[in-house]
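Participant: Just to be clear, the model below is a prediction. Sequence and coordinates:
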Amino acid sequence: MNQTQTSLTSTEHGEPFDQHGVSNVALLSNILAKQLTGHHRTLAYRIKAQACSSLILTGNAYVNGVWPEGIVALNLSSGDHRLHIRRSHLTAKAREIVDRQMETARTVARMKDILNAKKEK
């Protein structure tokens with residue numbers, strides 16, 4: 001097993017977890033989803049969500065920030081990559097971990113929301 005390509009963390013079935021492979025699936029399905037429409041876009045985002053859930057469950061992704069509308073920023077431990085994903089799209093077990101991590105993560109606001117709030121005052 002090449003440790004630069006495969007994490008020593010195992011899946012729940014005992015197989016080695018390919019951290020880089022799953023990270024690549026998450027990143028590429030995110031890129032692909034932005035280029036697709038309809039059912040194909042939904043499918044690409046589902047693949048991304050499953051890959052992100054697996055990364056979270058194996059400790060290979062963690063919450064970096066919390067965005068409005070239930071979006072979390074994830075840092076991937078396989079490199080200098082970050083993905084945004086709706087918390088509701090993750091599996092139940094991944095959401096449990098994300099919920100604990102969100103307690104200490106920074107909260108992010110969109111600039112337009114900040115500017116609108118200033119105008120309202």
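Facilitator: Everything's here; your move. Numbering: from 1, shown residues only.
Participant: so how far does stretch 58-77 reach from one end to the other?
Facilitator: Distance across stretch 58-77, first residue to last, is 11 Å (CA to CA, to the nearest Å).
Participant: now stretch 27-41
Facilitator: 14 Å.
Participant: Report the buried residues of that stretch.
Facilitator: Residues 27, 29, 30, 32, 33 are the ones in stretch 27-41 that count as buried (16 or more other CB atoms under 10 Å). Using the backbone N, CA and C atoms, a C-beta is placed for each residue, glycine as well.
Participant: next one: stretch 77-91
Facilitator: Applying a neighbour-count criterion of 16+ other CB under 10 Å, one finds 78, 83, 85, 87, 89, 90 buried in stretch 77-91.
Participant: Stretch 61-74 now?
Facilitator: Within stretch 61-74, judged by 16+ other CB under 10 Å, the buried ones are 61, 62, 63, 64, 65, 66, 67, 72, 73, 74.
Participant: Give me the distance between it and the centre of its chain.
Facilitator: 8 Å (CA atoms, centre = their mean, to the nearest Å).
Participant: Keeping just the C-alphas, turn it into CSV.
Facilitator: C-alpha atoms of stretch 61-74 as CSV (Å, rounded to 0.1, in the frame of the first residue of the first chain):
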residue,chain,number,x,y,z
ALA,A,61,-12.2,16.2,6.0
TYR,A,62,-13.2,18.7,8.7
VAL,A,63,-15.3,21.8,9.0
ASN,A,64,-13.4,25.0,8.3
GLY,A,65,-16.3,27.4,8.3
VAL,A,66,-20.1,27.8,8.5
TRP,A,67,-21.9,29.7,5.8
PRO,A,68,-25.5,30.9,5.8
GLU,A,69,-28.3,28.6,4.5
GLY,A,70,-26.8,25.4,6.0
ILE,A,71,-23.6,25.4,4.0
VAL,A,72,-20.3,24.2,5.5
ALA,A,73,-16.8,24.7,4.2
LEU,A,74,-14.7,21.5,4.5
